[in-house]
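Colleague: Provided below are the primary sequence and the corresponding predicted coordinates.
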Amino acid sequence: MINNNGSVWAVVVTYQPDLETLAVLLRAMVQQVDGIVVVDNGSGASALAWLAAYHTEVPFIVIPLLDNKGIALAQNVGINRAKVEGASYVILSDQDSEPAPDMVEKLKLVAEKQLAANVPLGAVAPIYKDAEDGLLSGFVQVGFFGFKRVGCEESNRVVEADFLIASGSLIPMATIDVVGGMDDELFIDHVDTEWCFRAKSQGYRLFGACNARMLHSLGDKRSKFWFLRWRTIPHHSPFRYYYIFRNSTLLQSRSYMPFFWKLADFGRCLRAMAYFGVFSPVRFACLGMMYRGFRDGLAGRVGKMP
């Protein structure tokens, strides 16, 4: 448990979790932080009963939401409770991530070094290993030719990134007080991307710590295809494409989202339409949800899919 120079609280959002995987996460996290808030996003009675029983083995605070309110709102509920508990930092986690035993310590060391140098710190995140293929993720930078992943040739390297995935990200509470929490109007998808660019637009910087590691499951089947180069494309259930396309459309109109991100994301949406319109066995359901998302994004509709 970390007790020096400011407390760290973890916020874990659950929705119909694999309980064995969640238990591994909670056991790993409780050794590294000062407290854990689990926000359950309407998983149902059986998951809540398991959380209540497991609480006797691993201490954490449970906040049940009666319905799926979306990951952004659930994260905000957890962040607010961590703030009440006196957290100086919050670390966000998906239910299917597994931090290395020293992940939080190494993230905090990077954070403290940046803050000591008067760097306006937005967040610092670990490099994650994909649970499916075992590959390390790298950190994302946005350039003229799209998204670029910067690897970790040196184990102690600190990489400046343009955006980070939420799971594993350590964020100073003081930064959240200025930038604000997650945009719960997005519900799910692009929530972390939007927050990162909002923070960067206010002068905050984002870093990836190569010596901080996490096992993370993206939870989706993926395929490789050729379009100018080999690319990997994830398969989502059709309803997810509603949120991906709607939120991509919404973010196109926000001034703090960089032009080159907008360009790269627009291209990614076009490739998804082309690929799933041809190769998906549920192509019409996928295309229908993509169209609905695009239409609702243009109309400015937010929140849960109607």
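Modeller: Here it is on my side, so go on.

Colleague: longest helix anywhere in the chain?
Modeller: Secondary structure of the chain read by DSSP state H shows that its longest helix is helix 259-279.

Colleague: quick one, helices of the stretch 151-300 of the chain?
Modeller: All helices of the stretch 151-300 of the chain, identified by DSSP state H, counting those that start in this stretch, fall at 173-179, 191-201, 238-252, 259-279, 283-299.

Colleague: and the fourth one, how far out from the chain's middle?
Modeller: In this view, helix 259-279 has its centroid 20 Å away from the chain centroid, taken as CA atoms, centre = their mean, to the nearest Å.

Colleague: just checking, what packs against it?
Modeller: Where contact means 3 or more CB pairs under 8 Å, 6 or more residues apart in numbering; DSSP states H and E, helix 259-279 is packed against strand 139-143, strand 146-150, strand 222-227, strand 229-234, helix 238-252, helix 283-299. For the C-beta atoms, the positions are set from N, CA and C on the backbone; glycine is no exception.

Colleague: now swap in the first one and tell me
Modeller: Counting by 3+ CB pairs under 8 Å, 6+ apart, the packing neighbours recorded for helix 173-179 are helix 71-84, strand 89-93, strand 121-130, helix 191-201.

Colleague: do that again at 7 Å, thanks
Modeller: Counting by 3 or more CB pairs under 7 Å, 6 or more residues apart in numbering; DSSP states H and E, the packing neighbours recorded for helix 173-179 are helix 191-201.

Colleague: outside of the helix it packs on, which residues touch it?
Modeller: Contact with helix 191-201 is made by 71-72, 122, 163-166, 175, 179, 182-183, 186, 206, 251, 256-258, 261, as judged by CB atoms under 7 Å, 6 or more residues apart in numbering.

Colleague: ok, now stretch 46-54?
Modeller: 14, 16-17, 19, 23, 38, 40, 62, 64.

Colleague: identify each buried residue in it, please.
Modeller: Using 16 or more other CB atoms under 10 Å as the test for burial, stretch 46-54 gives 47, 50-51, 54.

Colleague: let's have the helices and strands packed on helix 259-279 in CSV, adding distance to residue 273 and mean pLDDT.
Modeller: As requested, the helices and strands packed on helix 259-279 are arranged in CSV below (distance: least, CB to CB, whole Å; pLDDT from 0 to 100):
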stretch, distance to residue 273, mean pLDDT
strand 139-143, 21, 88
strand 146-150, 17, 84
strand 222-227, 12, 57
strand 229-234, 11, 59
helix 238-252, 9, 95
helix 283-299, 6, 95
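
Colleague: for these, give me JSON lines that also has distance to residue 200.
Modeller: Shown next, in JSON lines, are the helices and strands packed on helix 259-279 (distance: least, CB to CB, whole Å):
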{"stretch": "strand 139-143", "distance to residue 200": "10"}
{"stretch": "strand 146-150", "distance to residue 200": "15"}
{"stretch": "strand 222-227", "distance to residue 200": "28"}
{"stretch": "strand 229-234", "distance to residue 200": "25"}
{"stretch": "helix 238-252", "distance to residue 200": "14"}
{"stretch": "helix 283-299", "distance to residue 200": "22"}
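
Colleague: pick the most deeply packed of those.
Modeller: helix 238-252 (a mean of 22; mean count of other CB atoms under 10 Å).

Colleague: only alpha carbons, please: show that helix as CSV.
Modeller: Provided in CSV are the C-alpha atoms of helix 238-252 (Å, rounded to 0.1, in the frame of the first residue of the first chain):
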residue,chain,number,x,y,z
PRO,A,238,-23.4,-3.9,-33.6
PHE,A,239,-24.6,-1.6,-30.8
ARG,A,240,-21.1,-0.5,-30.1
TYR,A,241,-20.8,0.9,-33.6
TYR,A,242,-23.6,3.2,-32.7
TYR,A,243,-21.6,4.9,-30.0
ILE,A,244,-18.3,4.8,-32.0
PHE,A,245,-19.8,6.5,-35.0
ARG,A,246,-22.0,8.9,-33.0
ASN,A,247,-19.2,10.0,-30.7
SER,A,248,-16.8,10.3,-33.5
THR,A,249,-19.3,12.6,-35.3
LEU,A,250,-19.9,14.6,-32.1
LEU,A,251,-16.1,15.1,-31.5
GLN,A,252,-15.6,16.3,-35.1
